[in-house]
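Undergrad: Pasting a predicted model and its sequence here:
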Amino acid sequence: MIPGLVAQVGGTTTTGNGTTTTDSATQEGVRLVEQLLPEGIPGWLIEYGMAVLVLVIGLYGSKLAIRLFGRTIARRIQRPSITQTVLRSVRLAIMLVAVGIALAIVGFRGSDILLSVGVFSAVLGIVLAPIVGSIINGVFVLADQPYEIGDMIEISDTNTRGFVEDITIRYTKIFTLDNTFIVISNSSIRDRDVVNYSAEDERTRLSLKLTVTYEGDLDEARNLMETAARRVDEVITGGPDIRIGSARYPAAPTCYIEEYADHGVQLVLRYWAKEPYKLMTVRSKVNERVWAQLEDADVHIPYPHSHVVFDETSGSLPVEMQREGQPTGRAGQAPEEREE
């Protein structure tokens, strides 16, 4: 009986001028329920009871729809953020329909809604403006695909790094590496520089700069630095070149001569980490290996030295000496000696 009741309540009738109304269907549904229930129950109680029943059916119906169609939608879209947005929209649409039917049952007409919107339109416009802006930017975030749920990103201006936990139409939730949550509105995050460490290829290149003396064995220093990086498990030790755009870079650790500096030859070791999730740990392990490899080799890391040279163009520096216990004059001499 309940499905028939819901069908009658949700039905529509067309008037002579072509408009559609649900008032007659609602009244018929209420009268049907009054006939089925014992006498003596107030009509308003029946109406509110039916409204609550419709809301409960809408709530559980939306959950059932997500269970039935959630996997199918996820397989077709293949993007977690858009999948969750579509499922939220389906659930919201079902609930809005249920709320509309419930309002019609209790006698809340569409003209009342229009009147309320007309009275409070200015206030609602001020309150809803930021939310509408976030929603519009959320659509652009979902369309541009700068990041996806599960990606590791970094907000450049704050150096905040973490994993994208959720993307909604209004905000992005980030689970940081410090075990905290950050919720950023989509209107704000679109104005920031976002670094995505795991967009398509999780491999990340790191570098180590080291200066060695001119007197040391340069080739040995380069070989030892490359060998040290290969002995770290998280570092890619070889294989095909890694392609970035139209350029290709060696996958194995490679040490280059960057420049001939003031205190020695500056070398740059470039290597690739397999995953971007523990870059500081990988960098620390490589630094430890390089330090251990160079400790007993014919390679020296120079200390910066500064030499101060005085010549005839450097000017003069007056030096005054004072005998202990005597006051000094203008030239460091005792007063009685200055009078003579």
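TA: Right, received. Where do you want to start?

Undergrad: Relative to the whole chain's centre, how far out is the helix ranked longest in the chain?
TA: In the chain, taking DSSP state H as the definition, the longest helix is helix 43-77. Here the centre of helix 43-77 is set off from its chain's centre by 33 Å, with CA atoms, centre = their mean, to the nearest Å.

Undergrad: Skip the chain neighbours and tell me the closest residue to Thr211.
TA: Gly264 (4.4 Å; CB to CB, 6 or more residues apart in numbering). Placement of C-beta: from N, CA and C, glycine included.

Undergrad: Isn't that neighbour up against Val299?
TA: No. Between Gly264 and Val299 there is no contact under CB atoms under 8 Å: 10.2 Å.

Undergrad: any residues in contact with both of these two?
TA: Contact criterion CB atoms under 8 Å, 6 or more residues apart in numbering; residues shared by Gly264 and Val299: 212-213.

Undergrad: The very next helix or strand once past the longest helix of the chain: which residues count as buried?
TA: Sequence order places helix 80-105 as the next helix or strand after helix 43-77, per DSSP states H and E. Within helix 80-105, the residues that qualify as buried are 81-87, 90-91, 94, 98, 100-105, counting by 16 or more other CB atoms under 10 Å.

Undergrad: Also stretch 244-255?
TA: So, applying 16+ other CB under 10 Å, buried residues of stretch 244-255: 251-255.

Undergrad: quick revisit: list the helices and strands the longest helix of the chain packs on?
TA: helix 2-10, helix 23-36, helix 80-105 (3 or more CB pairs under 8 Å, 6 or more residues apart in numbering; DSSP states H and E).

Undergrad: Tell me what angle it forms with helix 80-105.
TA: 160 degrees (axes from the mean of the first three to the mean of the last three CA atoms, to 10 degrees).

Undergrad: follow-up on the earlier one: how about the contacts made by the residue nearest to Thr211?
TA: 211-214, 301-302.

Undergrad: mind running it again at 10 Å?
TA: 210-216, 218, 300-302, 304 (CB atoms under 10 Å, 6 or more residues apart in numbering).

Undergrad: Show me the two of those residues that sit farthest apart.
TA: Comparing every pair within those by CB to CB identifies Leu218 and Pro304 as the most remote, at 19.5 Å.

Undergrad: neighbour count winner among those two?
TA: Leu218 (17 against 8; other CB atoms under 10 Å).

Undergrad: Tell me the bridge partners for the residue nearest to that one when sequence neighbours are not counted.
TA: Once flanking residues are discounted, Leu218 sits nearest to Val265: 6.1 Å by CB to CB, 6+ apart. Note on Val265: beta-bridge partners Val212, Tyr260, judged by DSSP bridges.

Undergrad: Perfect, that will be all.
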